[in-house]
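the sequence isn't on hand, but the structure is:
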């Protein structure tokens with residue numbers, strides 16, 4: 001919808017009449033050159049009040065630089081109007097911003113569950129039906145990479161507010177912050193709080209791992225999680241798509257993998273499902289890094305690909321069981337080459353996660369063929385067999401022009417790996433610091449998950465420990481700390497499915513999001529402050545339709561229904 005603001009009262013009145021079907025308070029404009037926005041001079045100052053609300057306590061994750069006043073601008077809810085205006089907009093970003101405008105249109109109009117007590121005694125009259133936000137971008141580039149800029153600056157005031165970002169994804173982060181500055185008062189007014197914010201992420205990789213093998217999660221629910229991730233400013237969805245229990249990824253080259261390895265034909269992700277998830281993620285500024293974990297965790301693979309897994313022996317006889325992928329089977333490398341060609345065709349992100357964790361050597365040690373291979377090379381440590389496998393897999397992936405991440409065991413077992421390998425640290429929930437130190441002292445880039453395993457349930461509140469985990473708290477030199485790319489919250493699927501995934505994950509994954517976005521300036525706040533801010537964020541999630549679990553005794557303005 002394109003509506004122009006005008007200086008004449010007559011034309012202005014006609015515009016209001018024409019837009020009566022619309023229901024929002026925001027005029028969003030997009031320009032490649034803010035100085036050329038044609039309508040900013042026609043903006044009308046908002047009616048204002050002085051408020052005691054500490055609006056910064058409602059922001060999650062906390063911005064890196066923020067200054068707010070005690071001024072709030074208000075409008076009558078029943079007179080709110082919404083219009084989209086495009087002035088010199090870049091064509092590539094238009095679909096992404098259209099989608100964002102549509103989503104925030106709904107979000108800003110559904111604020112009745114979030115009523116700060118600070119407003120209950122405030123009574124005002126008058127009010128206007130418009131809030132104008134001018135959005136300025138520096139580029140039309142919509143590529144999503146680890147180096148994509150997500151910085152933004154937001155100035156909220158009267159008569160117009162401005163949002164300036166390098167990329168459209170920075171604009172998405174700024175739009176989320178802008179939406180959090182709007183609260184619904186008990187007096188039926190909607191309040192926009194006056195703040196100046198300059199914000200940029202602390203780490204380039206802010207991920208959430210979700211496991212869809214142990215329990216299948218429908219595409220619609222995955223998309224809902226992606227939306228909540230964007231509200232928390234996550235930017236990487238680590239899709240642990242297959243594992244020991246099931247193989248839901250549908251391969252056209254090897255259809256038996258899902259036909260025999262998935263729980264059922266209803267518990268699969270088709271090509272169109274995968275693209276739907278990726279598109280939805282990208283529209284919210286989120287990359288999708290898929291994980292196909294090998295050589296262990298592959299029992300479901302073996303159901304659809306005979307000869308791939310190692311045959312285990314007991315007393316020199318096959319015992320009917322199978323172990324990790326057999327790196328010297330004639331089946332293995334032609335199969336993996338074809339499969340990974342298909343995978344990189346479906347998943348366009350620069351990175352693949354190759355797994356490599358929890359590989360038991362016992363079956364390899366029992367297999368006569370592998371024993372002979374080891375003997376011929378004078379190897380006695382079966383980590384060498386693992387090294388052989390991972391080295392070939394990495395070479396395969398590099399030939400497909402992909403970069404890669406592996407779990408820490410590949411490093412811990414002494415495998416010779418290339419210097420551009422990213423090591424994902426997950427062990428030692430309370431003793432991860434030494435691992436981070438060792439990995440970075442060896443010159444490898446790293447990601448941290450050890451302290452952010454959301455699937456571990458505590459009998460008491462656990463959000464504070466997630467909040468206080470700092471990926472750089474391992475000592476080391478400045479150069480070592482520069483190798484930390486960020487981290488990921490992880491929720492494994494043993495006890496999580498569609499019935500409880502939203503409530504189990506949110507808001508417990510939100511502290512990780514803040515620690516990865518915000519600098520360490522908030523890490524030392526009291527537990528009471530953490531609770532207050534996270535409780536308000538949890539109430540916001542409820543207001544947006546997410547059944548986020550409670551942090552402890554307390555209440556939001558309206559009970560969940």
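Alright, I've got the coordinates. A quick note: this is a predicted structure, and the numbers were derived from the prediction, not measured. Residues are numbered from 1 along each chain as shown.

can you check the pLDDT for the most centrally placed residue in the chain?
Nearest to the mean C-alpha position of the chain, counting by CA atoms, centre = their mean, stands residue 234 at 3.3 Å. At residue 234, the predicted lDDT confidence score is 98.

how close does it sit to residue 350?
Residue 234 sits at a distance of 17 Å from residue 350 (criterion: CB to CB, to the nearest Å). No exception for glycine: its C-beta is placed from N, CA and C like everyone else's.

from residue 171, how far out is residue 486?
With CB to CB as the criterion, residue 486 and residue 171 are 21 Å apart.

do the same with residue 147
Distance from residue 147 to residue 171, by CB to CB: 17 Å.

more neighbours: which of those two?
residue 171 (27 against 8; other CB atoms under 10 Å).

who's in contact with the more buried one?
93, 97, 100, 135, 137, 152, 163, 165 (CB atoms under 8 Å, 6 or more residues apart in numbering).

give me that answer again for 10 Å
Under the criterion of CB atoms under 10 Å, 6 or more residues apart in numbering, the neighbours of residue 171 are 28, 30, 93, 96-97, 100, 135-137, 150, 152, 154, 163-165, 178, 285.

assign it to helix, strand or coil.
helix (DSSP: H, G, I helix; E, B strand; the rest coil).

hang on, the residue nearest to the centre of the chain in a helix?
No: applying three-state DSSP, one finds residue 234 to be coil, outside a helix.

isn't it right up against residue 489?
Yes: under the criterion of CB atoms under 10 Å, residue 234 makes contact with residue 489 at 8.2 Å.

need the overlap of contacts for those two.
Each of 206-208, 509-510, 512-513, 516 lies in contact with both residue 234 and residue 489 under the rule CB under 10 Å, 6+ apart.

now the two most distant members of the residues you listed.
207 and 510 (14.0 Å; CB to CB).

what about residue 59, how many residues nearby?
23.

how far away is residue 51 from residue 513?
As judged by CB to CB, residue 51 and residue 513 stand 27 Å apart.

and for residue 414, the neighbour number?
12.

so it sits against residue 382, correct?
No: Residue 414 is not in contact with residue 382 according to CB under 10 Å; the separation is 11.5 Å.

strands - which of the contacts of residue 171 land there?
Residues of the contacts of residue 171 located in strands (DSSP state E): 28, 30, 135-137, 152, 154, 163-165.

pick out the lowest-pLDDT one from these.
residue 30 (42).

which ones are touching the residue nearest to the centre of the chain?
61, 205-208, 225-226, 228, 284-287, 488-489, 509-510, 512-513, 516-517.

repeat that for residue 503.
Taking CB under 10 Å, 6+ apart as the test, what residue 503 contacts is 496, 546-550, 560.

can you give me the pLDDT of it?
Reported pLDDT for residue 503: 96.

in which helix or strand does it reside?
Secondary structure assigned from DSSP states H and E places residue 503 in helix 501-505.

quick check: what element follows that helix along the chain?
helix 510-517.

related to what we said a few turns ago, looking at residue 51 and residue 513, which one has more neighbours?
residue 513 (26 against 21).

not counting its neighbours along the chain, what's nearest the more buried one?
Nearest residue to residue 513, sequence neighbours excluded (CB to CB, 6 or more residues apart in numbering): residue 232, at 3.8 Å.

next, work out how far apart that neighbour and residue 421 are.
For residue 232 relative to residue 421 (CB to CB), the value is 28 Å.

which one's more surrounded, the two?
The neighbour comparison of residue 232 against residue 421 (other CB under 10 Å) goes to residue 232, with 24 against 20.

surely that one meets residue 508?
No: at 11.1 Å, residue 232 does not count as touching residue 508 under the criterion of CB under 10 Å.

so for those two, which residues contact both of them?
Here residue 232 and residue 508 have residue 489 as joint contacts, going by CB under 10 Å, 6+ apart.

mind listing the helices for the stretch 301-450 of the chain?
Listed in chain order, the helices of the stretch 301-450 of the chain (DSSP state H, counting those that start in this stretch) span 332-346, 362-366, 368-376, 383-399, 409-412, 433-441.

buried set for the first one?
Spelled out, that is helix 332-346. By 16 or more other CB atoms under 10 Å, the buried positions in helix 332-346 come out as 332, 335-336, 339-340, 343-344, 346.

now the residues you listed as a markdown table including pLDDT and distance to residue 401?
Shown next, in a markdown table, are the buried residues of helix 332-346 (pLDDT from 0 to 100; distance: CB to CB, whole Å):
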| residue | pLDDT | distance to residue 401 |
| --- | --- | --- |
| 332 | 98 | 22 |
| 335 | 98 | 20 |
| 336 | 98 | 16 |
| 339 | 98 | 16 |
| 340 | 98 | 11 |
| 343 | 98 | 13 |
| 344 | 98 | 8 |
| 346 | 98 | 15 |
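
pLDDT weak spots in this protein?
Low-confidence segments of the chain, defined by pLDDT under 70, span residues 1-46, 75-89, 111-131, 159, 186-188.

fine by me, thanks again.
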